[in-house]
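Asks: starting from these lines, generate the structure:
(one chain, ligands or ions: 2)
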Amino acid sequence: MNKNILITGGAGFIGSHVVRLFVNNYPDYNIINLDSLTYAGNLKNLTDIEGKSNYKFIKADICDYDSIKSIIINNEITHVIHLAAESHVDRSIKDPFSFAQTNIMGTLSLLQAAKEYWNGDFSNKLFYHISTDEVYGSLGESGFFTEETKYDPHSPYSASKASSDHFVRAFGDTYGLPVILSNCSNNYGPYQFPEKLIPLFINNIVNNKPLPVYGKGENVRDWLYVVDHARAIDTIFHKGKLKETYNIGGFNEWKNIDLIKVLIKVADRLLGREEGTSEKLISYVQDRAGHDLRYAIDATKIKDELEWEPSLQFEEGIEKTIQWYLENKEWLENITSGDYQKYYSEMYQK
Ligand code: NAD
Ligand code: TYD
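Replies: Ligands and ions are numbered 1, 2, ... in the order given. Got it, this is the predicted structure:
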């Protein structure tokens, strides 16, 4: 059956991988990438597919209900994959309003526009909302987040994502909108904006700049290669059950400081430096406010019910990622030459 798929946030990190996968793998689907191109959106992430006949880009803000509704009507949208969001915890601590605006009001505007256009005819329709494991809060030394874990967000970012998840479920329950959600752990890989841990540290290692480790570096995250997340989204889109939630994770937990040492080891090797040279760049700085100790996903449901599993081992993924940043210096320089300097000096007082 014909599918006209609106992918929001498709010029961002994860969104660009999802757009690429759908455009390349499904020539019969029409893919409409809607993105307002904030600091995190970059059409250079998609140069390899921009000429394809099943792909179209539209610049629009998800908070602008009238525009969103016209775009959905004019493109006869049957499916929405919603990734557009403000996504960085540190920015949410400095400016919570923009997170509430985009993540909550923007999601609401998309839900309402889809509901109005579909007008009760939900056959061959889907609203798929992409969320994060951070809505579940923080774990102690043991245990995992399952789909039944109670929401307990701590940062303005995770609070805004939790709220958007509630709105999506509420539209499913109240209006019968065909919704699916997934909550994923930390992603890494090509095209990630260098404000997040892994690309920021790769960039600083290359440039011999300090590596700002928050607190004691003992916080734990579960890391997943971004292409594996895009594969999971593809699987859930095609095989997921309506109204269900799927947790996506890498079965790959790392204490920050241990992960940083792996990054340094692989980067030093690829840069032709003696092993461990860049360890001297490690610099412990003030901890993030409200810093969650540990995230860990139990991804059994998606594995057992939809037969999805991560395809890459972490060391392989990290090597591919560092290699990509080394080979795409121009992409990185374009980003780090503008407003990024201002963000960086305000954030890290450097
Ligand atoms: P990102 O910040 O790299 O990209 C977000 C994209 O959304 C950008 O292209 C930006 O221009 C666009 N956008 C922002 N506000 C918009 C608006 N008002 N209207 C239209 N477009 C707008 O984020 P990401 O890391 O790719 O994350 C994508 C989604 O996945 C988010 O919903 C995030 O919560 C979720 N997620 C991210 C991770 C992760 O590790 N990065 C993990 C789990 C879930
Ligand atoms: P981040 O990439 O911001 O993802 P999230 O906060 O969504 O998990 O950070 C990953 C971990 O790395 C988190 O525990 C915070 C830590 N961190 C640092 O120690 N230094 C940094 O400069 C950054 C950006 C993150």
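Asks: when you work out contacts or count neighbours from here on, use the C-alpha atoms and nothing else.
Replies: OK.
Asks: contacts only, for the nearest residue to Leu46 once chain neighbours are set aside.
Replies: Using CA to CA, 6 or more residues apart in numbering and skipping residues adjacent in sequence, the residue nearest Leu46 is Ser16, 6.4 Å away. For Ser16, the contacting residues are Gly9, Gly10, Asn45, Leu46, by CA atoms under 8 Å, 6 or more residues apart in numbering.
Asks: please report phi then psi for the nearest residue to the second one once chain neighbours are set aside.
Replies: Beyond its immediate neighbours in the sequence, the residue positioned closest to Gly10 (CA to CA, 6+ apart) is Ser16, lying 4.8 Å away. Main-chain dihedrals, Ser16, degrees, to the nearest 10: phi -70, psi -30.
Asks: and Ser16, how far from Ile49?
Replies: With distances taken as CA to CA, to the nearest Å, Ser16 is found 10 Å from Ile49.
Asks: not counting residues beside it along the chain, what's closest to the residue of the chain positioned farthest from its centre?
Replies: Distance from the C-alpha centroid of the chain peaks at Glu274, with 33.6 Å (CA atoms, centre = their mean). In space, and not counting its chain neighbours, Glu274 is closest to Asp268: 6.4 Å by CA to CA, 6+ apart.
Asks: coming back round to it: just give me the closest of the contacts of Ser16 to ligand 2.
Replies: Comparing the contacts of Ser16 against ligand 2 with CA to the nearest ligand atom picks out Gly9 as the nearest, at 17.1 Å.
Asks: so the residue farthest from the centre of the chain, which of the three states?
Replies: For Glu274, the assignment made with DSSP: H, G, I helix; E, B strand; the rest coil gives coil.
Asks: all further residue positions should be reported with the first residue as 12.
Replies: Got it, the first residue is 12 from now on, which makes the last one we talked about Glu285.
Asks: now do the contacts for the residue of the stretch 12-161 of the chain found nearest ligand 2.
Replies: Residue nearest to ligand 2 within the stretch 12-161 of the chain (CA to the nearest ligand atom): Val100, separated by 5.5 Å. By CA under 8 Å, 6+ apart, the residues touching Val100 are Ser166, Pro167, Tyr168, Ser169.
Asks: write out the residues of the stretch 262-361 of the chain neighbouring ligand 2.
Replies: Within the stretch 262-361 of the chain, the positions adjacent to ligand 2 are Asn267 by CA under 6 Å from any ligand atom.
Asks: from the stretch 262-361 of the chain, which residue is nearest to ligand 2?
Replies: Asn267 (5.9 Å).
Asks: now do the SS call for the nearest residue to Ile115 once chain neighbours are set aside.
Replies: Distance criterion CA to CA, 6+ apart; nearest residue to Ile115, sequence neighbours excluded, is Ser175 at 5.0 Å. Secondary structure assignment for Ser175 (three-state DSSP): helix.
Asks: in this protein, where is pLDDT below threshold?
Replies: Within the chain, the segments meeting pLDDT under 70 span 12, 361.
Asks: repeat that for 80
Replies: 12, 360-361 (pLDDT under 80).
Asks: domain map for it?
Replies: The record's domain parsing of the chain by automatic domain parsing lists 15-198+236-259, 208-231+264-301+323-359.
Asks: save the ones you listed as a markdown table, and put in distance to Glu316 too.
Replies: Shown next, in a markdown table, are the domains of the chain (distance: least, CA to CA, whole Å):
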| stretch | distance to Glu316 |
| --- | --- |
| domain 15-198+236-259 | 9 |
| domain 208-231+264-301+323-359 | 20 |
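Asks: closest one to ligand 1 among those?
Replies: For ligand 1, the closest of those is domain 15-198+236-259, at 3.1 Å, according to CA to the nearest ligand atom.
Asks: and that closest one with ligand 1, contact?
Replies: Yes. Against ligand 1, domain 15-198+236-259 shows contacts by CA under 6 Å from any ligand atom at 20-26, 46-49, 51-52, 71-74, 94-98, 113, 141-143, 195-198.
Asks: mind checking which of those residues land in helices?
Replies: In helices, judged by DSSP state H, the following of the residues of domain 15-198+236-259 next to ligand 1 are found: Phe24, Ile25, Gly26.
Asks: nearest to His90, of the residues you listed?
Replies: Gly26 (15.1 Å; CA to CA).
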